[in-house]
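**Student:** sequence unavailable; structure follows:
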């Protein structure tokens, strides 16, 4: 797919790296499935405890705060990139400086964000959201506590970035699973009437869990990594580099968060709390599926950046190919039966289901699959450091989603139009990503990308859809059909992937890796 431009790394080094990536991917898979199950059950508990109105209200209010999570994503990606690049060029002495500079930047931004929340954000909650008059006090408490939770997650970034850069995914998996268990514990306590208002109690609990998560990263980070200690830094260039990289990735993250959280706010304004609640339910499925793709992307991101820093282009090319196929084929295998049986899943999960929830969930899954394909591309662009024009082109298109939706809503289009806008904009943005990747990373081949990835995937998807629909129509028993579909459909998809989705060389690599993995496990 891409030309080979560097010497091969030592076989043992490559084998060790590959096993490490596989191990991290497995750990993150386990984490993802555990978190998915916990989160799905937590949503059911919270929805039943709060009711649809308060649940929709919580998501609308928290959405105002969560529109700023793009800052968290931005700085996490930026700091991870600088950490990983420095490790890749064996410049460990710069790591303490990166930590300290990032901490200074985050503290400054914390003050600025707090000022915005307590002025414009407070005005927006009071005047623009559809909040019943008798729930205004609870809404204010929820808003303030959501700010606390967000700022704590913001302050943990320099520590968590160190764990990612050192590819210590086990601790990350442990902390995030405990965080989800904590949220579930809070949800279960809502019905105990510890506070008279369940919405306020839930917001308090989420803030407490956020503090414990911050402490887990900060304490462990200081004990494990020498760079996680503050020192005075006067290197203006490092400040400039991190701020510049963060500034452009902020613009990128803003477009992403505007689609997710901005859409929730638009639905609340035009269609009320019931539509917002349906969107929030669909968003939970989106989050679960995104966690699946991210568990792959997170495992591949640090070694891809390190490989670029080392100019080990051959290994980088291999990681790019494998990560793309891994993400796309796995999502297709899981998404097809999920989309077909989503009414049953929602009914088992929530005890109630509406046509709005079903349609929103299906359209959200399609959007998620298209969006997930950007991860390997963006990782290479970030590794090059040439992100300005890439982000300007791609995310300026992405940011059009909200104004397009706003216009369509004003024209009287139905609520699901928001997903059609999201899917269309995301597809156009992906084409632009591919053009940019070729420009900034010449070894990339558009022809090979479509011939080796997109076209086989379309064929595999079409055949898998026909099989899945056949199973759905043939079996009448709801439970039997569900089990059969979720077993047979993914297995059949993976068989097609093995037969026509991967090359002969990749098949041989897979065989060798499996043999090496079991040999390594038995020693």
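**Tutor:** Nice, I can see it. These numbers were taken from a predicted model, which means no experiment stands behind them. Residues are numbered from 1 along each chain as shown.
**Student:** low-confidence bits of the stretch 101-250 of the chain, can you list those?
**Tutor:** 191-195 (pLDDT under 70).
**Student:** let me redo that: the stretch 401-523 of the chain
**Tutor:** Checking the stretch 401-523 of the chain against pLDDT under 70 turns up 509-523.
**Student:** how far away is the closest residue to residue 309 other than its chain neighbours from residue 500?
**Tutor:** Counting by Cβ to Cβ, 6 or more residues apart in numbering, residue 309 lies nearest to residue 88, which is 2.9 Å off, once chain neighbours are set aside. From N, CA and C alone the C-beta is placed, and that goes for glycine too. As judged by Cβ to Cβ, to the nearest Å, residue 88 and residue 500 stand 35 Å apart.
**Student:** what's the answer for residue 466, then?
**Tutor:** 15 Å.
**Student:** so between those two, which is more surrounded?
**Tutor:** In this view residue 466 and residue 500 are compared by other Cβ atoms under 10 Å, and residue 500 has more residues nearby, 14 against 9.
**Student:** show the contacting residues for that one.
**Tutor:** 456, 459, 460 (Cβ atoms under 8 Å, 6 or more residues apart in numbering).
**Student:** need the strands for the stretch 401-523 of the chain, in chain order.
**Tutor:** Applying DSSP state E, counting those that start in this stretch to the stretch 401-523 of the chain gives no strands.
**Student:** check the contacts of residue 500 for burial and list the buried ones.
**Tutor:** For those, a burial check counting by 16 or more other Cβ atoms under 10 Å picks out 456, 460.
**Student:** okay, the contacts of residue 500 in TSV with distance to residue 137 next?
**Tutor:** Shown next, in TSV, are those (distance: Cβ to Cβ, whole Å):
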residue	distance to residue 137
456	57
459	57
460	54
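**Student:** so which of the contacts of residue 500 sit within helices?
**Tutor:** If you go by DSSP state H, these have 456, 459, 460 in helices.
**Student:** out of these, who's nearest residue 374?
**Tutor:** residue 456 (19.4 Å; Cβ to Cβ).
**Student:** surely that closest one touches residue 499?
**Tutor:** No - with contact defined as Cβ atoms under 8 Å, residue 456 does not count as touching residue 499 (9.8 Å).
**Student:** what is the neighbour count of residue 116?
**Tutor:** 11.
**Student:** so it: helix, strand or coil?
**Tutor:** Classification of residue 116 by DSSP: H, G, I helix; E, B strand; the rest coil places it in helix.
**Student:** where's it relative to residue 123, distance?
**Tutor:** Residue 116 sits 11 Å away from residue 123, going by Cβ to Cβ.
**Student:** so who does residue 294 touch?
**Tutor:** Going by Cβ under 8 Å, 6+ apart, residue 294 touches 32, 375.
**Student:** show the pLDDT at it.
**Tutor:** Model confidence at residue 294, given as pLDDT, is 78.
**Student:** heading C-terminal from the host helix or strand of it, find the next helix or strand.
**Tutor:** Using DSSP states H and E, residue 294 sits within helix 236-309. Moving toward the C-terminus from helix 236-309, the next helix or strand (DSSP H and E) is helix 313-340.
**Student:** tell me the angle of that next one relative to helix 236-309?
**Tutor:** Between helix 313-340 and helix 236-309, the angle comes out at 80 degrees (axes from the mean of the first three to the mean of the last three Cα atoms, to 10 degrees).
**Student:** how far off centre is helix 313-340?
**Tutor:** Its chain's average C-alpha position is 15 Å from that of helix 313-340, according to Cα atoms, centre = their mean, to the nearest Å.
**Student:** ok, now stretch 241-256?
**Tutor:** On Cα atoms, centre = their mean, the centre of stretch 241-256 falls 16 Å from the chain's centre.
**Student:** how about that stretch, which residues are buried there?
**Tutor:** Quick answer for stretch 241-256 (16+ other Cβ under 10 Å): 241-242, 245-246, 248-256.
**Student:** now swap in stretch 26-35 and tell me
**Tutor:** So for stretch 26-35, counting by 16+ other Cβ under 10 Å, buried means 27, 28, 29, 31, 32, 35.
**Student:** count the neighbours of the closest residue in space to residue 84 that isn't next to it in sequence for me.
**Tutor:** Using Cβ to Cβ, 6+ apart and skipping residues adjacent in sequence, the residue nearest residue 84 is residue 305, 4.1 Å away. Using other Cβ under 10 Å, residue 305 has 25 other residues around it.
**Student:** residue 305 contacts residue 88, correct?
**Tutor:** Yes - Residue 305 lies in contact with residue 88 (Cβ under 8 Å); the separation is 6.4 Å.
**Student:** find the residues that touch each one of these two.
**Tutor:** Contact criterion Cβ under 8 Å, 6+ apart; residues shared by residue 305 and residue 88: none found.
**Student:** all helices for the stretch 1-150 of the chain, in order.
**Tutor:** Under the criterion DSSP state H, counting those that start in this stretch, the stretch 1-150 of the chain contains helices at 11-66, 69-88, 95-116, 122-127, 136-155.
**Student:** residue 304: what's it in contact with?
**Tutor:** Taking Cβ under 8 Å, 6+ apart as the test, what residue 304 contacts is 316, 319, 320, 323, 376, 379, 380, 383.
**Student:** and if you look at residue 331?
**Tutor:** Contacts of residue 331 (Cβ under 8 Å, 6+ apart): 289, 292, 293, 368, 369, 372.
**Student:** residues of the helix or strand harbouring the fifth one that come out buried?
**Tutor:** The secondary structure element spanning residue 369 is helix 355-372 (assigned by DSSP H and E). When neighbours are counted by 16+ other Cβ under 10 Å, the buried residues of helix 355-372 are found to be 356-372.
**Student:** also stretch 437-450?
**Tutor:** Buried residues in stretch 437-450 (16+ other Cβ under 10 Å): 437, 440, 441, 443, 444, 449.
**Student:** show me the two of those that sit farthest apart.
**Tutor:** Greatest spacing in the buried residues of stretch 437-450, by Cβ to Cβ: 440 and 449 (14.8 Å).
**Student:** contacts only, for residue 499.
**Tutor:** Taking Cβ under 8 Å, 6+ apart, we find residue 499 in contact with no residue.
**Student:** gap between it and residue 505?
**Tutor:** Following Cβ to Cβ, the distance that separates residue 499 from residue 505 is 15 Å.
**Student:** one more: residue 164?
**Tutor:** Separation of residue 164 from residue 505 (Cβ to Cβ) stands at 30 Å.
**Student:** ok, residue 329 next?
**Tutor:** 17 Å.
**Student:** neighbour count for those two, which is higher?
**Tutor:** In this view residue 329 and residue 505 are compared by other Cβ under 10 Å, and residue 329 has more residues nearby, 22 against 9.
**Student:** out of the helices of the stretch 1-150 of the chain, the one nearest residue 236 is which?
**Tutor:** helix 95-116 (10.0 Å).
**Student:** go through the closest one and flag the buried ones.
**Tutor:** Quick answer for helix 95-116 (16+ other Cβ under 10 Å): 95-106, 109, 113.
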